[in-house]
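Asks: give me the fold of what follows.
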Amino acid sequence: MAIIRRVVPAMRASGNLQWDDSYPNPEVFGRDMTLAQLWVTEDEGRITGVAAITTDQEPEYAEVGWDLTELAVVVHRLAVDPDFQGSGVATALMRQAEAVALERGIRVLRLDTNARNEATQKLFPKLGYAFAGEIGLGFRPGLRFRCYEKRLA
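Replies: Sure thing, here's the model as predicted:
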């Protein structure tokens, strides 16, 4: 949660209102840990980044034409400590998602990001993700999210 407390003000200052004091929260991360789907990066014992690498697809993903019965690895709650942004932490976490997918025999990765998150909208295409469309998410009313997908060979 220390990273989230550092990331949220920076996100909000840039107009990205995706996260706030209520989400993500300790309960969400606790569930990720219980399910062994929370990954972190570290530098000399300091957590530098975090991502939930799951198979949980939001029902709204169907709005971009995705078949929700197709098993996919989905990246949620990707965050990088502001002191380490631009140093490859997010890329490392996204590469881990690909490794998890390959390990499980899953060939598709999906994710969504706030329409105001310019950093991820630059990162995901660089990593081979294709833009699939924009949706709203019921649990984050009033916000728009851009969906991306990558299919592995």
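
Asks: would you map the strands across this protein?
Replies: When assigned using DSSP state E, the strands of the chain occupy the ranges 38-43, 46-54, 73-80, 108-114, 130-135, 145-151.

Asks: nearest to residue 24, of those?
Replies: strand 73-80 (5.1 Å; C-beta to C-beta). Backbone N, C-alpha and C define where each C-beta goes, glycine included.

Asks: pull up the pairing partners for that closest one, direction included.
Replies: Strand 73-80 pairs in its sheet with strand 46-54 (antiparallel), strand 108-114 (parallel), by DSSP bridges.

Asks: compare those and give me the one nearest residue 4.
Replies: strand 46-54 (8.1 Å).

Asks: quick one: buried residues of that closest one?
Replies: 48-54 (16 or more other C-beta atoms under 10 Å).

Asks: of those, closest to residue 103?
Replies: Using C-beta to C-beta, the buried residues of strand 46-54 come closest to residue 103 at residue 53, 10.6 Å.

Asks: which residues pair with the closest one across the strands?
Replies: In beta-bridge terms (that is, DSSP bridges), residue 53 pairs with residue 75.

Asks: give the contact list for it.
Replies: By C-beta atoms under 8 Å, 6 or more residues apart in numbering, the residues touching residue 53 are 37-39, 73-75, 93, 96-97, 100.

Asks: of the residues you listed, which is the nearest to residue 19?
Replies: Once C-beta to C-beta is applied, the member of these that ends up nearest residue 19 is residue 75, at 14.9 Å.

Asks: per-residue confidence, residue 39, what does it come out as?
Replies: Predicted confidence (pLDDT) for residue 39: 97.

Asks: need the contact list for it.
Replies: By C-beta under 8 Å, 6+ apart, the neighbours of residue 39 are 50-53, 93, 96.
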